[in-house]
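Q: predicted model, plus sequence, below.
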Amino acid sequence: MPLTRVYVPLTAPDLEALRDGTDLGPPPLAAHGVTAALGRTGGVTDDEELEHLAWVAATEEADARRAGDARRVVASADVDAGAVAVPPHGDVPSRVEVTEPIGRTRVVSFHVDEEPGGTGTADLLWYDVTELGDVLDLLSS
């Protein structure tokens, strides 16, 4: 089955669950991805630019989920395309729902604020999924 990239805003407990072997969920899991509606906003058609817009929307949602001035975390995951649904009344053009739990093997990378309380996207650090322990250490510092 073909895969599609989604961007999932996470919290520290979500990351701890992943570390402990628990999948992200339960479904439906709110995420962001490239949707037909996203392509209609401003006439953007370049896939890379559309993915960037979806990623930015996920960072904005991560901002709303964090407690105080904690660091934002977004996971990039490749999931089965058939498990990604666009809700009928999405609040943002990139809104998708993942209809099955996302296992750690589907996560590709993490994006984490360099400093607590970050607000822009330029200072988000990139971590490979194998660096989950480092991400958790960063969140606890």
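A: Looks like it arrived, so ask away.
Q: CA only for contacts and neighbour counts going forward, please
A: Will do.
Q: the helix-or-strand element of the chain with minimal mean pLDDT packs against which elements?
A: When the helices and strands of the chain are scored by mean pLDDT, DSSP states H and E, helix 36-40 comes last with a mean of 76. Other helices and strands packing on helix 36-40, by 3 or more C-alpha pairs under 8 Å, 6 or more residues apart in numbering; DSSP states H and E, are helix 47-65.
Q: ok, and for the helix it packs on, which residues are buried?
A: 50-51, 53-63 (16 or more other C-alpha atoms under 10 Å).
Q: likewise stretch 15-27?
A: In terms of neighbour count (16+ other C-alpha under 10 Å), stretch 15-27 has its buried residues at L15, L18, D23, L24.
Q: ok, stretch 4-18 next?
A: In stretch 4-18, counting by 16+ other C-alpha under 10 Å, buried: R5, V6, Y7, V8, P9, L10, T11, A12, D14, L15, L18.
Q: so what's the spatially closest residue to D23 that is not a sequence neighbour scoring on pLDDT?
A: Nearest non-adjacent residue to D23, counting by C-alpha to C-alpha, 6 or more residues apart in numbering: G103, 4.4 Å away. Looking at G103, its pLDDT is 94.
Q: before we move on, back to that, which two in the buried residues of stretch 15-27 are spaced the farthest apart?
A: L15 and D23 (9.7 Å; C-alpha to C-alpha).
Q: strands along this protein, start to end?
A: 3-10, 29-32, 73-80, 84-85, 95-98, 107-113, 124-128 (DSSP state E).
Q: find the nearest non-adjacent residue to T35, please.
A: Nearest to T35 is S94, by C-alpha to C-alpha, 6+ apart, at 5.8 Å.
Q: ends of stretch 5-20, how far apart?
A: 23 Å (C-alpha to C-alpha, to the nearest Å).
Q: what sits up against that stretch?
A: Residues outside stretch 5-20 that contact it (C-alpha atoms under 8 Å, 6 or more residues apart in numbering) are 23-24, 30-34, 54-55, 58-59, 61-62, 65-66, 72-79, 103-104, 132-133, 136, 139.
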